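**Student:** Got a sequence here, can you build the structure:
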Amino acid sequence: MNIALIAHDKKKAQMIEFAKEYESKLIQHRLFATGTTGKLIGENTGLVVHCFKSGPLGGDQEMGAAVANGNLDMVIFFRDPLTAQPHEPDVTALLRLCDVYQIALATNYETAKLLMESL
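**Tutor:** Numbers count the residues shown, from 1 in each chain. So this is what the prediction gives:
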């Protein structure tokens, strides 16, 4: 399964915690992430992560293209709903594409845990 891991700045520590908690499951899949998130996951776990660009520099759009091209099966995106993001249109487009193509999507820790338990 191809799984995307994305986190806004204020949620990156939570994503690292999540990756550590589910490392034994995640290691069995191909992982993709936006730039900084992927780098941090790689540095803090034993997981191999293919990194796209940073979200604000086009990474969210690259993820959207991967969804539209059938190259992702699940997206875990820890969003910061309390902070305005300069690339919010890209984030919205990615979430919309997940809905259009019926891609499993978690935007918070508890939903992501449920997806991991279903693997």
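
**Student:** now the strands for this structure?
**Tutor:** Counting by DSSP state E, residue ranges of the strands within the chain are 2-7, 30-33, 49-51, 74-78, 104-106.

**Student:** Run through who's touching the last one.
**Tutor:** Right, the one you point to is strand 104-106. Counting contacts by C-beta atoms under 8 Å, 6 or more residues apart in numbering, the residues outside strand 104-106 that touch it are 73-77, 95, 98-99, 112, 114-115. All C-beta spots, glycine's among them, are computed from the backbone N, C-alpha and C.

**Student:** Nearest to residue 60 among the strands of the chain would be which one?
**Tutor:** Each of these was scored for nearness to residue 60 using C-beta to C-beta, and the closest is strand 2-7 (7.3 Å).

**Student:** so can I have JSON lines of the strands of the chain showing distance to residue 90, mean neighbour count and mean pLDDT?
**Tutor:** Converted to JSON lines, these look like this (distance: least, C-beta to C-beta, whole Å; neighbours: other C-beta atoms under 10 Å; pLDDT from 0 to 100):
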{"stretch": "strand 2-7", "distance to residue 90": "11", "mean neighbour count": "24", "mean pLDDT": "98"}
{"stretch": "strand 30-33", "distance to residue 90": "15", "mean neighbour count": "22", "mean pLDDT": "98"}
{"stretch": "strand 49-51", "distance to residue 90": "17", "mean neighbour count": "18", "mean pLDDT": "98"}
{"stretch": "strand 74-78", "distance to residue 90": "12", "mean neighbour count": "24", "mean pLDDT": "98"}
{"stretch": "strand 104-106", "distance to residue 90": "15", "mean neighbour count": "19", "mean pLDDT": "98"}
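
**Student:** Reformat the ones you listed as a markdown table; add distance to residue 84.
**Tutor:** Putting those into a markdown table (distance: least, C-beta to C-beta, whole Å) gives the following:
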| stretch | distance to residue 84 |
| --- | --- |
| strand 2-7 | 16 |
| strand 30-33 | 22 |
| strand 49-51 | 25 |
| strand 74-78 | 16 |
| strand 104-106 | 21 |
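
**Student:** nearest to residue 41, of the contacts of strand 104-106?
**Tutor:** The shortest approach to residue 41 among the contacts of strand 104-106 belongs to residue 76, at 11.0 Å (C-beta to C-beta).

**Student:** Done for today, thanks.
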